[in-house]
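Participant: Here is a sequence with its predicted model. Questions after.
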Amino acid sequence: MALPSKKSRPISVNDIAFRYIISLGKNTPTKFKLNVTIQEATGVGKILKIQGLVTRDFWLDFPYEIKSSENYPKLTPKHISVFIQQAFKQGWEPSQKGPPFILNLNKTVNRLS
């Protein structure tokens, strides 16, 4: 089953087209867990699920302590590309069928660089 094109974003890594979706997982009052799902754009192969990413919601500090939204962590296409590269190194084969490949990072988004 392919990721829906309306809710997902395209990205190309190593000349392979992918689509990805970022969604919220189970949250705590101060931290939000992010889940990233990536699949080859054809929608045929094995899904890559990135788990263990945590961020802090910008709006929890509003209107206090907010100097700029730029100080809050964001997932960028560069991060997604790095996740895909890590999954390749750990054996993910996006064109093969099978159960989802899980990449558990256990990282805070602002420490990804």
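Facilitator: Good, I have the coordinates.

Participant: Using CSV, write out every CA atom in stretch 85-102.
Facilitator: Provided in CSV are the C-alpha atoms of stretch 85-102 (Å, rounded to 0.1, in the frame of the first residue of the first chain):
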residue,chain,number,x,y,z
GLN,A,85,21.1,6.6,4.5
GLN,A,86,21.2,5.1,8.0
ALA,A,87,18.5,2.6,7.1
PHE,A,88,20.4,1.5,4.0
LYS,A,89,23.5,0.9,6.2
GLN,A,90,21.4,-1.3,8.5
GLY,A,91,20.1,-3.4,5.7
TRP,A,92,16.8,-1.8,4.5
GLU,A,93,16.0,-2.8,1.0
PRO,A,94,13.2,-0.4,-0.1
SER,A,95,12.3,-2.3,-3.3
GLN,A,96,11.8,-5.7,-1.5
LYS,A,97,8.4,-6.7,-0.1
GLY,A,98,8.0,-7.6,3.5
PRO,A,99,7.2,-6.2,7.0
PRO,A,100,8.2,-2.6,7.8
PHE,A,101,11.9,-2.0,8.6
ILE,A,102,12.1,-0.2,12.0
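
Participant: what distance separates that stretch from the middle of the whole chain?
Facilitator: Centre-to-centre, stretch 85-102 and its host chain are 14 Å apart (Cα atoms, centre = their mean, to the nearest Å).

Participant: quick one: buried residues of that stretch?
Facilitator: Ala87, Trp92, Pro94, Phe101 (16 or more other Cβ atoms under 10 Å). In this view, the C-beta of every residue, glycine as well, is placed from N, C-alpha and C.

Participant: And Lys7, how close does it get to Arg19?
Facilitator: 9 Å (Cβ to Cβ, to the nearest Å).

Participant: Mind checking which of those two has more residues around it?
Facilitator: Taking Lys7 and Arg19 together and counting by other Cβ atoms under 10 Å, Arg19 has the greater number of neighbours (20 against 10).
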